[in-house]
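Visitor: coords below, sequence missing:
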């Protein structure tokens, strides 16, 4: 009897640890929302969301240019790194031999652990001067940030796509090759479609890291709160806005930074929902189509 | 789909494209790393590793910075590991309600997708100000622990699920209780996964700068107690680089950070490999 009481205690303790993540989410959202509320009440939610002017000294708190900056930098980074990393993962999984693979796998693993600040630092000392001397301007620009972010998320997308490509059963390849398909036809028509859900998950992970990255972006993007019309113009992202001004913000400015975090939160949830919908459509296509 | 190239030709072309992009991508990444190491390594000597920070980092070493990094990482792992592993054990071994499992998983996924600066902001408002812990390695460690829980949970859940059910049945058949089975059979079999999860969380914690920026202070003195402020390596690098304090010391700090991550990854691979070989040999 004593033993079963002990077992019951353990089960309940484990249950509490399992609920902890949800509990933490609730506390974090509640705290951020409550701290952000005064700014919304005073300035107005839509004025905050769609306003173009961010000038805390004059009491102006429009974050639209930063939403544009965040989306611009993220999509450009995905545009650069998705094709490269999917091709690289396909090379590692389908073309390279066992030996090459055993060398590349740990290299990719190590690279995905490199701190983002290191990539940002590289951008600051190498890429910014390069862009400045070849394309004019200050060198701090949307394209500089997008390049650094794309390099930063390459290892993540490569390693997750690689795992899902390797998980495609060998029989699929053999059947396709047996029907007389070439290696490339097999990769394009059989292997990549079967691994697609995993590849999309990889891209989502990369996107999440790119949207959320803060300090590496601050180091190269220029941080001017103005909508960037060309890729060589500087911009400011939602995340960098919080990090740059938190150290000296007081009063409504302080609350406005929390509201920025709320907007960032909503933006990420929206992106996740969109991507989940795309993912569902793709997996339906696959199960209803070729397999 | 119609193609103007014969299948054989397009196979040859695409094969070269794949090889080219694979080599290109990996070279770019390796060149960046090599650049940091080549520029940074010459400035690293014993004095740099074990010396105190002088003149805001213009001269002197980075010992207090290394200690801060290890301190916050250790605190975060000590807190997050039992919580993450416990949650995974509950979900895999105890939970019978599918809806509950989905809620718990959704919670972990959402937590994992929150940007680190939002954690930093929360840590500042909640731990530093509201709970009055002040800027300290403990506040920063707590924030990093919250970030580490979903990582550990997700990796450990997968590895617990991959333990064959025959192991469990064998243990029950010998009259062991559920908790005895978990401690003596399931957890030992899942060790490589648990270690991988914890190491992954550690690498993230040691690389994190945005989340600790407003929770750890940025003092360059040595943190002795948990409630002293500090300045971990990535934050030191960020400050050196953006405030234009010392390019040479920034390179050296970046190189130290890269080397730490490389050593951690290498050791993990080595030990999980060895452990797996040993398990295979015993079976």
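Guide: That came through fine. Quantities reported herein were computed from a predicted structural model and do not represent experimental measurements.
Visitor: ok, now which ones touch whichever residue of the stretch 51-200 of chain B sits closest to chain A?
Guide: Chain A sits closest to residue B:115 of the stretch 51-200 of chain B, with a gap of 2.9 Å, by Cβ to the nearest Cβ. Every residue, glycine included, has its C-beta placed from N, CA and C. Residue B:115 is in contact with A:211-214, A:239, A:264, A:268, B:210, counting by Cβ atoms under 8 Å, 6 or more residues apart in numbering or on different chains.
Visitor: Now go through those residues and say which are in helices.
Guide: A:211-212, A:239, A:264, A:268, B:210 (DSSP state H).
Visitor: what secondary structure does the nearest residue to residue B:121 once chain neighbours are set aside sit in?
Guide: The shortest distance from residue B:121 to any residue other than its chain neighbours is 5.4 Å, reached at residue A:261 (Cβ to Cβ, 6 or more residues apart in numbering or on different chains). Three-state call for residue A:261 (DSSP: H, G, I helix; E, B strand; the rest coil): helix.
Visitor: What about residue A:261, how many residues nearby?
Guide: By the measure other Cβ atoms under 10 Å in any protein chain shown, the count of residues near residue A:261 is 29.
Visitor: what do you get for residue A:133?
Guide: Using other Cβ under 10 Å, residue A:133 is surrounded by 9 other residues.
Visitor: State the pLDDT value of it.
Guide: On pLDDT, residue A:133 comes in at 92.
Visitor: Mind checking what helix or strand follows the helix or strand hosting it in sequence?
Guide: Using DSSP states H and E, residue A:133 sits within helix A:128-135. Scanning forward in sequence from helix A:128-135 by DSSP H and E, the next helix or strand is helix A:142-166.
Visitor: distance between stretch B:33-53 and the chain's centre?
Guide: Remark: stretch B:33-53 is offset 23 Å from the chain centroid, using Cα atoms, centre = their mean, to the nearest Å.
Visitor: Could you give me the buried positions within it?
Guide: For stretch B:33-53, a neighbour-count test (16 or more other Cβ atoms under 10 Å in any protein chain shown) marks B:33, B:36-37, B:39-40, B:43-44, B:48, B:53 as buried.
Visitor: now do stretch B:66-83
Guide: B:66-69, B:71-73, B:75-77, B:79-81, B:83.
Visitor: what separates the closest residue to residue B:253 other than its chain neighbours from residue A:108, distance-wise?
Guide: Among residues not flanking residue B:253 along the chain, residue B:237 sits closest, at 4.6 Å (Cβ to Cβ, 6+ apart). Note on residue B:237: its distance to residue A:108, by Cβ to Cβ, to the nearest Å, is 23 Å.
Visitor: now the strands: where do they sit in the stretch 1-150 of chain A?
Guide: With strands called from DSSP state E, counting those that start in this stretch, the stretch 1-150 of chain A shows them at A:54-55, A:60-61.
Visitor: what is the mean pLDDT for the first one?
Guide: Translated: strand A:54-55. On average, strand A:54-55 scores 88.
Visitor: can you check stretch B:21-37 too?
Guide: 91.
Visitor: Spell out whether it and chain A are in contact.
Guide: Yes: judged by Cβ under 8 Å from any Cβ of the partner chain, stretch B:21-37 comes into contact with chain A at B:21-26, B:28-30, B:32-33, B:35-36.
Visitor: got the residues you listed as TSV, with secondary structure columns?
Guide: Below are the residues of stretch B:21-37 next to chain A laid out as TSV (three-state DSSP):
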residue	secondary structure
B:21	helix
B:22	helix
B:23	helix
B:24	helix
B:25	helix
B:26	helix
B:28	helix
B:29	helix
B:30	helix
B:32	helix
B:33	helix
B:35	helix
B:36	helix
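Visitor: Would you indicate which residues of stretch B:85-94 are buried?
Guide: Those would be B:85-93, for stretch B:85-94 by 16+ other Cβ under 10 Å.
Visitor: which among those are in contact with chain A?
Guide: Filtering the buried residues of stretch B:85-94 for proximity to chain A by Cβ under 8 Å from any Cβ leaves B:86-87, B:89-91.
Visitor: quick one: secondary structure of the residue nearest to residue B:56 when sequence neighbours are not counted?
Guide: Using Cβ to Cβ, 6+ apart and skipping the chain neighbours, the partner closest in space to residue B:56 is residue B:245 (5.7 Å). Under three-state DSSP, the three-state class of residue B:245 is coil.
Visitor: burial of residue B:245, as a residue count?
Guide: The local packing of residue B:245 (other Cβ under 10 Å) involves 15 other residues.
Visitor: Please apply the same query to residue A:179.
Guide: 10.
Visitor: how close does residue B:222 get to residue B:229?
Guide: 11 Å.
Visitor: swap that for residue A:157, please
Guide: From residue A:157 over to residue B:229 (counting by Cβ to Cβ), the distance is 37 Å.
Visitor: So those two - more neighbours on which side?
Guide: residue A:157 (28 against 19).
Visitor: Need the pLDDT of the residue of the stretch 151-291 of chain A found nearest chain B.
Guide: Nearest to chain B, among the residues of the stretch 151-291 of chain A, is residue A:212, at 2.9 Å (Cβ to the nearest Cβ). Listed pLDDT for residue A:212 reads 91.
Visitor: and the residue lying closest to it once chain neighbours are set aside, what are its phi and psi?
Guide: Nearest non-adjacent residue to residue A:212, counting by Cβ to Cβ, 6+ apart: residue B:115, 2.9 Å away. Main-chain torsions, residue B:115, degrees, to the nearest 10: phi -60, psi 150.
Visitor: what's near enough to touch residue A:126?
Guide: Counting by Cβ under 8 Å, 6+ apart, the residues that residue A:126 touches are residue B:35.
Visitor: ok, back up a step: residue B:237 and residue A:108: which has the busier surroundings?
Guide: residue B:237 (29 against 21).
Visitor: in terms of contact, does that one touch residue B:257 like I think?
Guide: Yes: taking contacts as Cβ atoms under 8 Å, residue B:237 lies within contact range of residue B:257: 6.6 Å.
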